[in-house]
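Engineer: Quick one, what's the 3D model for this:
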Amino acid sequence: MSQSRQTDARIKELAEKKAQLDAQIAALDARRRLSEKKDEDRIKWLLGTLVFDRLSAEPALQSIVRRDLPERLTQRDRDRGLWQILFPDAQEDRS
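Structural biologist: Okay, the predicted model is just below:
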């Protein structure tokens, strides 16, 4: 086999290994991002649970939620209905 063919074969072999390594890196990166997303979702759930549990007992927290939560509610009826679950005594229309 000539030197040129050997070089071409070696380049092809290395390119295939590089493609495999790139695929492994991409898979590891995707797993890392998924793990980070799960951690972030868990933190949000824990924080939301804490706020929800303390809401009725802490007027300052209730005031913050009453002020800021409506901006996060969508126009969907289900989301708007959640307001009445949190604040059943609320008389004003939040839609």
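Engineer: pLDDT below threshold where in the chain?
Structural biologist: 1, 90-95 (pLDDT under 70).
Engineer: Quick check: longest helix in it by residues?
Structural biologist: Criterion DSSP state H: the longest helix present in the chain is helix 3-54.
Engineer: Please state the offset of that one from the chain centre?
Structural biologist: 16 Å (Cα atoms, centre = their mean, to the nearest Å).
Engineer: What are the buried residues along whichever helix or strand comes after it?
Structural biologist: Per DSSP states H and E, helix 3-54 leads on to helix 59-72 as the next helix or strand towards the C-terminus. Neighbour counts over helix 59-72 (16 or more other Cβ atoms under 10 Å) mark 62, 65, 66 as buried. For glycine as for every other residue, the C-beta is placed from the backbone atoms N, C-alpha and C.
Engineer: Same list (these) but as TSV, adding distance to residue 35.
Structural biologist: Output for the buried residues of helix 59-72, formatted as TSV (distance: Cβ to Cβ, whole Å):
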residue	distance to residue 35
62	35
65	30
66	35
